[in-house]
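Asks: would you be able to build a 3D model of this:
(one chain, ligands or ions: 1)
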Amino acid sequence: MRTAHGTNIGAGRVNDDLIAYHEARARGGVGLTMLEAASVHWSDTGTLRIHDEAAVGDYQHLMDRLRPYGMRVFQQLGHLGLGGVPMDGSPPWSASAGRTPLGAPVHAMTVDEIAEVTDAWGRAAGYCRAGGLDGVEIHMAHGFLLQEFLSARTNQRTDQYGGNWDNRMRFIWEVLRRVRAEVGPEFVVGIRTGAEAVDDGLSEQDCAEMVRELEAAGLIDYVNVSYGSVWASHKIMGGMIEPAGYELPTSEVVTKVSHLPTIVTGRFRTLEEIDDVIDRGIADLVGMTRAHIADADLVNKTIEGRVDEIRPCIAANDGCIGGLHRGRMTCAVNPAVGFERTHREEPADPPRHIVVIGGGPAGMEAARVAAARGHRVTLLEAAASLGGAMAVGARLPHRSLIADFVAWQIRELERLGVDVRLRTPGTAASIGDHDPDAVIVATGAIGGTIPTEAPARAVVVDRHGGYEALGIAEWLLDHGSEVAITAAGDLGERVMLDGIVRPTLARLTERGVEIRRGGEQVMSDETVIAIEKRPNDDLIGAIAALGVELHMVGDVTTPAGHLDAIHAGNSVGRLV
Ligand SMILES: Cc1cc2nc3c(=O)[nH]c(=O)nc-3n(C[C@H](O)[C@H](O)[C@H](O)COP(=O)(O)O)c2cc1C
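Replies: Alright, predicted model coming up:
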């Protein structure tokens, strides 16, 4: 099953792109899906809005398409509270006045506003039922509105909605009763809960107590447990530093008290891993959300014994979370996400001979897609192994999951019969020998690599804005250097919102790394390790002179990150 995840693919509506995204996963063998947290009221914009009857027709359309696959579909209904923003841009609504994690002011809801939002929750649940969905899930996790009322950390009210536990529970009771009254006793109504993962925030024991009470009242049908909050978002969707099952120690405190079906989640990628969770009796269902973003066919490939073909999620969070922050969810390793209707690997007509120069992420992706379409593909790589910048990245501390994707690309090239030539630089002469119909140059960038040795005192100067500077600083630290980091702008500015930089920065600071803000600053006795990349494009002139169809992809055009490289490689693989 897949837990709810904001995509903004439909920009607020269940449109054809969002349907195609979920349809691909239904076809791929998923049994149950929660649709992304939908906003129920104008005071929360959300990435999907269930504010009026228009939603009913949208859902009917969705379910007409999904029903044949047998995948059950629940809608998560939420209100992001201080983690969101009203549609008119006014301050976010919450239990008490205060500040958002980014420091913006918060509006304390009046009793009338609470009643209005409660009613909106009920109506939204009614639209879900009328639209033919199988259930709804009330979002009371992640430090959003209902949890803000329950958590004493964010609820300082002195009226009937604040103070003691029962008062702080009141909004939750009212919403659940209103929803149940709207949809009746037979329709599935579940909840999502989970500890806030901050000091003095709502704990897993608090969540367990809440579940006990709601369950005893017979108001809910299942319990879905998550972890983290707007105050610790890196715990909601743990990055590659977190092991599979990282949420279980807190989640099982909650699942243990429940007699209802329970759901847990947390960086699971294989059915084997989740079988283990089920066998240990921790939960009845296990979510695999990012794993299914990365590969829609995960379940079917597993059942068919094609586990090696599953494209692995690397929990870099730059496509899903980073994409959402940029406006729309995507996936670093799966460029088709959200574009299932158009990103097709059509059979090549006619098949041609394609030579790819450079076996990094862009070159391998271009070669893979071109070969999958039926082209004959030769890949020339100057180094003794494939992987390029991603193989380098995988050597940085806590980044080894990146190697799983490199290994997958290598396996796919082999499966698809790509002729890989290692230790073979793509020179004009060697390309001429292959007599290609088209050449794809993916020679990457120069710079941004791991130093050969660690100096006593190093200052890492970030001129690139990716993860490299942070990773190399941590590598230097592991190798005995005293380390400072400085940047022209913000450190890791291009990956800042992916939920990855924050835990790394915290780790580095804890280990004594000095973070210098306000521009590049270097002390006299420090060895400068400058992280910058320039296109490795010296070959282009000579190749262009061959007069053959020529494409350039990845860092050789614009030194960026693995997401851009993989996506560009994928595009050209579909184009040639
Ligand atoms: C892009 C993205 C958006 C998410 N949005 C939601 C959401 O709307 N509601 C929710 O309860 N959880 C949300 N989550 C958290 C996931 O449901 C899930 O708990 C988390 O990704 C960990 O599971 P995984 O490791 O299987 O991906 C989101 C996660 C991602 C990656």
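Asks: spell out which parts of the stretch 401-550 of the chain neighbour the ligand.
Replies: Within the stretch 401-550 of the chain, no position lies close to the ligand (CB under 6 Å from any ligand atom). In this view, the C-beta of every residue, glycine as well, is placed from N, C-alpha and C.
Asks: count of neighbours near whichever residue of the stretch 301-450 of the chain sits closest to the ligand?
Replies: Across the stretch 301-450 of the chain, no residue is closer to the ligand than residue 320, which sits at 3.8 Å (CB to the nearest ligand atom). For residue 320, the neighbour count with other CB atoms under 10 Å is 27.
Asks: for the ligand, what's its nearest residue on the stretch 401-550 of the chain.
Replies: Scanning the stretch 401-550 of the chain for the residue nearest the ligand gives residue 499, at 8.9 Å (criterion: CB to the nearest ligand atom).
Asks: residue 548 and residue 441 touch, don't they?
Replies: No. Taking CB atoms under 8 Å as the definition, residue 548 is not a contact partner of residue 441, at 11.0 Å.
Asks: compare the two (neighbour count), which wins?
Replies: Under the criterion of other CB under 10 Å, the comparison of residue 548 against residue 441 puts residue 441 first, with 28 against 16.
Asks: tell me how far the more buried one lies from residue 431.
Replies: 10 Å (CB to CB, to the nearest Å).
Asks: pull up the overlap in contacts between those two.
Replies: Shared contacts of residue 441 and residue 431, defined by CB atoms under 8 Å, 6 or more residues apart in numbering, comprise 357, 543.
Asks: tell me which parts of the stretch 101-250 of the chain are close to the ligand?
Replies: Counting by CB under 6 Å from any ligand atom, the stretch 101-250 of the chain sits next to the ligand at 139, 141, 192, 226, 236-237.
Asks: setting aside sequence neighbours, what's the nearest residue to residue 421?
Replies: Once flanking residues are discounted, residue 421 sits nearest to residue 380: 5.1 Å by CB to CB, 6 or more residues apart in numbering.
Asks: again, but for residue 402
Replies: Nearest non-adjacent residue to residue 402, counting by CB to CB, 6+ apart: residue 394, 4.0 Å away.
Asks: which ones are touching the one you found?
Replies: 387, 400-403, 406.
Asks: if you set the cut-off to 6 Å instead, what comes out?
Replies: By CB atoms under 6 Å, 6 or more residues apart in numbering, the residues touching residue 394 are 400, 402-403.
Asks: could you dump those into a markdown table with neighbour count added?
Replies: Shown next, in a markdown table, are the contacts of residue 394 (neighbours: other CB atoms under 10 Å):
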| residue | neighbour count |
| --- | --- |
| 400 | 14 |
| 402 | 27 |
| 403 | 17 |
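Asks: list phi and psi for the residue in the stretch 51-200 of the chain that the ligand sits nearest to.
Replies: Nearest residue of the stretch 51-200 of the chain to the ligand: residue 192, at 5.0 Å (CB to the nearest ligand atom). Backbone torsions of residue 192, given as degrees, to the nearest 10, read phi -120, psi 130.
Asks: that one and residue 120: what is the separation?
Replies: Taking CB to CB, one finds residue 192 at 18 Å from residue 120.
Asks: returning to what we had before: wait, the residue of the stretch 301-450 of the chain closest to the ligand touches residue 328, no?
Replies: No. Here residue 320 lies out of contact with residue 328, judged by CB atoms under 6 Å, at a distance of 10.4 Å.
Asks: can you give me every residue that contacts the closest residue to residue 147 other than its chain neighbours?
Replies: Among residues not flanking residue 147 along the chain, residue 140 sits closest, at 5.4 Å (CB to CB, 6+ apart). Shown in contact with residue 140 (CB under 6 Å, 6+ apart): 146-147, 191, 193.
Asks: what mean pLDDT does the helix or strand hosting residue 325 have?
Replies: Residue 325 is located in helix 320-326, with elements delineated by DSSP states H and E. In this model, helix 320-326 carries a mean pLDDT of 94.
Asks: okay, buried residues for it please.
Replies: For helix 320-326, the neighbour count (16 or more other CB atoms under 10 Å) marks 320-325 as buried.
Asks: contacts for stretch 458-467, please.
Replies: Counting by CB under 6 Å, 6+ apart, 469, 472-473, 476, 481, 483-488, 491, 493-495, 520, 522, 526-533, 561 sit against stretch 458-467.
Asks: neighbour count for residue 192 and residue 120, which is higher?
Replies: Using other CB under 10 Å, the more surrounded residue of residue 192 and residue 120 is residue 192, with 26 against 22.
Asks: quick one, domains of the protein?
Replies: Domain ranges of the chain: 16-326, 353-437+560-575, 457-532, per automatic domain parsing.
Asks: weakest of those in terms of mean pLDDT?
Replies: Set side by side, these give their lowest mean pLDDT on domain 457-532, at a mean of 90.
Asks: roughly how far out does it sit from the chain middle?
Replies: In terms of CA atoms, centre = their mean, to the nearest Å, the centre of domain 457-532 is set 24 Å apart from its chain centre.
Asks: just the endpoints, please. Distance across that domain?
Replies: 20 Å (CA to CA, to the nearest Å).
Asks: and for the closest residue in space to residue 245 that isn't next to it in sequence, the neighbour number?
Replies: Leaving aside its sequence neighbours, residue 245 sits nearest to residue 266 (CB to CB, 6+ apart; 5.6 Å). Here the count is done by other CB under 10 Å, and residue 266 has 28 residues near it.
Asks: tell me what the strand or helix carrying residue 75 is packed against?
Replies: In the assignment (DSSP H and E), residue 75 maps to strand 72-78. Other helices and strands packing on strand 72-78, by 3 or more CB pairs under 6 Å, 6 or more residues apart in numbering; DSSP states H and E, are strand 32-39, strand 135-139.
Asks: and the contacts of that strand?
Replies: When contacts are defined by CB under 6 Å, 6+ apart, strand 72-78 is touched by residues 4, 32-35, 37-38, 40, 124, 128, 133-139, 144.
Asks: now the helices: where do they sit in the stretch 401-550 of the chain?
Replies: 402-415, 428-434, 468-478, 501-510, 540-544 (DSSP state H, counting those that start in this stretch).
Asks: highest mean neighbour count out of these?
Replies: Most buried of these, by mean neighbour count (mean count of other CB atoms under 10 Å): helix 468-478, with a mean of 23.
Asks: start to end distance for stretch 385-396?
Replies: By CA to CA, one end of stretch 385-396 lies 17 Å from the other end.
Asks: residues of it that come out buried?
Replies: 386-394, 396.
Asks: which ones among these map onto helices?
Replies: 388-393 (DSSP state H).
Asks: could you dump the residues you listed into TSV with distance to residue 231 added?
Replies: Shown next, in TSV, are these (distance: CB to CB, whole Å):
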residue	distance to residue 231
388	37
389	33
390	32
391	36
392	34
393	29
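Asks: can I get those in a markdown table with distance to the ligand?
Replies: As requested, these are arranged in a markdown table below (distance: CB to the nearest ligand atom, whole Å):
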| residue | distance to the ligand |
| --- | --- |
| 388 | 26 |
| 389 | 24 |
| 390 | 21 |
| 391 | 24 |
| 392 | 25 |
| 393 | 20 |
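Asks: picking that back up, output the helix holding residue 325 as CSV, restricted to C-alpha atoms.
Replies: Provided in CSV are the C-alpha atoms of helix 320-326 (Å, rounded to 0.1, in the frame of the first residue of the first chain):
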residue,chain,number,x,y,z
CYS,A,320,9.6,14.1,-4.5
ILE,A,321,9.9,16.6,-1.7
GLY,A,322,12.2,19.0,-3.5
GLY,A,323,9.9,18.9,-6.5
LEU,A,324,6.9,19.6,-4.4
HIS,A,325,8.6,22.7,-3.0
ARG,A,326,9.4,23.8,-6.5
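Asks: where exactly do the strands run in the stretch 51-200 of the chain?
Replies: Secondary structure of the stretch 51-200 of the chain (DSSP state E, counting those that start in this stretch): strands at 72-78, 93-94, 98-99, 105-108, 135-139, 188-195.
Asks: the fifth one: how far from the chain's middle?
Replies: The one in question is strand 135-139. Distance, stretch centre to chain centre, for strand 135-139: 21 Å (CA atoms, centre = their mean).
Asks: mind saving the C-alpha coords of it as PDB?
Replies: Extracted in PDB, the C-alpha atoms of strand 135-139 (Å, rounded to 0.1, in the frame of the first residue of the first chain):
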ATOM      1  CA  GLY A 135     -12.700   5.400   2.400                       C
ATOM      2  CA  VAL A 136     -11.300   8.500   4.000                       C
ATOM      3  CA  GLU A 137      -8.400   9.100   6.300                       C
ATOM      4  CA  ILE A 138      -8.400  12.000   8.700                       C
ATOM      5  CA  HIS A 139      -5.000  13.600   8.900                       C
END
